[in-house]
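>>> Model the following, please.
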Amino acid sequence: MKLNLPEFDIKIKKKNNKDYIFDIIRKKYILLTPEEWVRQNLIHYLVKILNYPAQLLGVEKQINVFNTIKRPDIIVFDKKLQPIIIVECKNNKIKITQQTFNQAVNYYLELRPKYFILSNGINHLCCKIEDNNCIFLKEIPNFSDL
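Numbering: from 1, shown residues only. Now for the predicted structure:
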């Protein structure tokens, strides 16, 4: 699947006729689904291009949102280990709509990071929250600019 991200050398292996992709954060192979393909490419982009420290990324960390257990795709922590970015990834065939935007906002409401990102690998929506206003950015910021 071609995405609107640079191409990375990502490890994929086959097991029992299924493809698995190596997650550099969790350090294990994960079943390769279209959403996982987007997530892993976005992780590589954050770490290798935008200089996000891998040790400050959490993948599918469990959180409680309105008394329901949720697992945001990616949480980026600052150096004080506070959530600074929530990333929600979608299959590249799923359009970014108000509904998918609202899901990312629900994670924001619980964790209150400074940014949130919604990506289907083709379109990347990045918002910065200032004074309860959502400011849409043209691109995902480099880690040093957070």
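>>> for the chain, what spans make up the strands?
With DSSP state E as the criterion, the chain has strands at 12-15, 18-23, 28-31, 57-59, 63-65, 68-70, 74-77, 83-89, 115-119, 124-130, 133-137.
>>> closest one to Gln103 among those strands?
strand 83-89 (6.0 Å; CB to CB). C-beta here means a position set from N, CA and C on the backbone, and glycine is covered the same way.
>>> Describe which strands that closest one pairs with in its sheet and in which direction.
strand 74-77 (antiparallel), strand 115-119 (parallel) (DSSP bridges).
>>> mean pLDDT lowest for which of the strands of the chain?
Among the strands of the chain, strand 63-65 has the lowest mean pLDDT, at a mean of 72.
>>> follow-up on the earlier one: so which of the strands paired with strand 83-89 is the most packed in?
strand 115-119 (a mean of 24; mean count of other CB atoms under 10 Å).
>>> Not counting residues beside it along the chain, what's closest to Arg26?
Using CB to CB, 6 or more residues apart in numbering and skipping the chain neighbours, the partner closest in space to Arg26 is Val59 (5.5 Å).
>>> again, but for Phe77
Nearest in space to Phe77, with sequence neighbours left out and distances taken as CB to CB, 6+ apart, is Leu56 at 4.6 Å.
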